[in-house]
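Colleague: need a 3D model of the following:
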Amino acid sequence: MAVSDSVPATEGRRLYLRLGITLSVLAAAGCVLAAHRATLDSGTDQLAAADGEWLVLACFATVATWVCAAVAQQGAVVERLPRGRLVAAQFAACAANHILPAGAGASLVNLRFLTRCGLSTRRSATALAVKAAVGGTVRCVLGVALLVASPGAVPLPARLPHLLVWAPVAVAAVVPAVVASGRLRRAVGRAVADVREVHRSRGRACALWGGSVAFALLHAGVVVAVVHALGLALPTSHLVMAYLVASGAAALLPTPGGLGSLDAALAFALTAAGAPGHTAISAVIGYRLLTGWLPMAPGLLVLGLLARRSAL
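Modeller: Sure thing, here's the model as predicted:
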């Protein structure tokens with residue numbers, strides 16, 4: 001009884017900790033916006049006068065991200081998933097992701113969808129973990145490739161190259177000790193078996209990796225299109241690098257959809273890449289409108305419709 005009582009208590013403390021971090025980040029973001037209200041107003045005005053053709057292109061890139069997310073999710077499982085409902089689930093997951101902290105909304109929607117498609121809870125969770133791991137790997141590889149190809153894209157600490165070299169070494173040294181636990185070792189073994197099963201099919205492996213690459217590049221493409229719509233001619237590689245750095249930094253804070261953390265990181269990265277402050281604010285607002293705020297209401301409607309039809 002004592003052990004069973006301690007588990008809910010531990011989960012409750014974790015929930016309160018996440019909620020406290022989320023509220024702290026949101027409060028800090030609100031204070032920053034209040035302190036820079038003039039810059040925010042200027043950025044909003046500049047976005048209202050942006051080039052419509054570039055904004056339409058950004059809209060198409062946003063819609064394509066949901067398709068790429070569906071392709072990557074299909075590549076993470078062996079079973080054939082219903083295509084239409086899979087894309088709809090990614091659209092609904094995008095809306096849910098802006099309500100719950102740190103990607104929990106998207107994970108819960110996709111977990112429910114996969115289990116409704118006949119996968120066990122364990123295999124559904126493994127598929128989500130595989131997709132997330134591939135997505136993180138893709139972003140790191142793209143970031144390192146752009147850093148090598150365009151080292152001056154975003155100012156970075158001088159020690160970063162050393163960290164990039166020694167970080168894999170440290171991980172390789174720590175992982176064997178971590179997996180020494182029997183239960184964890186069995187879980188890792190099952191996950192590795194599922195990964196091998198997926199990669200036995202070249203088509204599914206291409207869907208998993210190709211969809212993940214396209215998803216990251218299309219999100220960066222939204223930023224590129226919005227910045228060009230604002231009339232600012234910055235190198236595309238600099239803008240892509242700015243997005244990758246910002247999204248990686250925002251992932252460290254558990255806010256809904258990266259609210260506050262992604263906004264601040266992206267504005268800082270765009271400013272470091274050469275954008276004026278008010279233009280960076282305009283680009284962040286435009287990116288947020290297209291990828292989060294405007295799709296939220298229809299996404300929640302799709303979420304309710306999928307739940308009503310027992311697809312979730």
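
Colleague: looking at it, Ser107 is touching Ala129, isn't it?
Modeller: No - using Cβ atoms under 8 Å as the test, Ser107 is too far from Ala129 to be in contact (9.5 Å). For glycine as for every other residue, the C-beta is placed from the backbone atoms N, C-alpha and C.

Colleague: can you give me the helices for the stretch 1-150 of the chain?
Modeller: With DSSP state H, counting those that start in this stretch as the criterion, the stretch 1-150 of the chain has helices at 2-35, 37-48, 52-75, 83-97, 104-116, 121-149.

Colleague: may I have stretch 114-131 as CSV, with CA atoms only?
Modeller: Taking C-alpha atoms only, stretch 114-131 is exported to CSV below (Å, rounded to 0.1, in the frame of the first residue of the first chain):
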residue,chain,number,x,y,z
LEU,A,114,-2.3,4.0,-33.3
THR,A,115,-4.0,1.9,-30.7
ARG,A,116,-7.3,2.4,-32.5
CYS,A,117,-5.6,1.1,-35.6
GLY,A,118,-4.9,-2.2,-33.8
LEU,A,119,-1.4,-1.7,-32.5
SER,A,120,-0.6,-2.6,-28.9
THR,A,121,0.1,0.3,-26.5
ARG,A,122,3.8,-0.8,-26.2
ARG,A,123,4.3,-0.9,-30.0
SER,A,124,2.4,2.4,-30.4
ALA,A,125,4.7,4.0,-27.8
THR,A,126,7.7,2.5,-29.5
ALA,A,127,6.6,3.9,-32.9
LEU,A,128,6.2,7.4,-31.4
ALA,A,129,9.7,7.1,-29.8
VAL,A,130,11.2,6.0,-33.1
LYS,A,131,9.6,8.9,-34.9
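
Colleague: surely Ala216 meets Arg139?
Modeller: Yes - under the criterion of Cβ under 8 Å, Ala216 makes contact with Arg139 at 5.4 Å.

Colleague: quick check: neighbours shared by the two?
Modeller: Common neighbours of Ala216 and Arg139 (criterion: Cβ atoms under 8 Å, 6 or more residues apart in numbering): Leu244.

Colleague: what about Pro276, how many residues nearby?
Modeller: Neighbours of Pro276 under the rule other Cβ atoms under 10 Å: 16.
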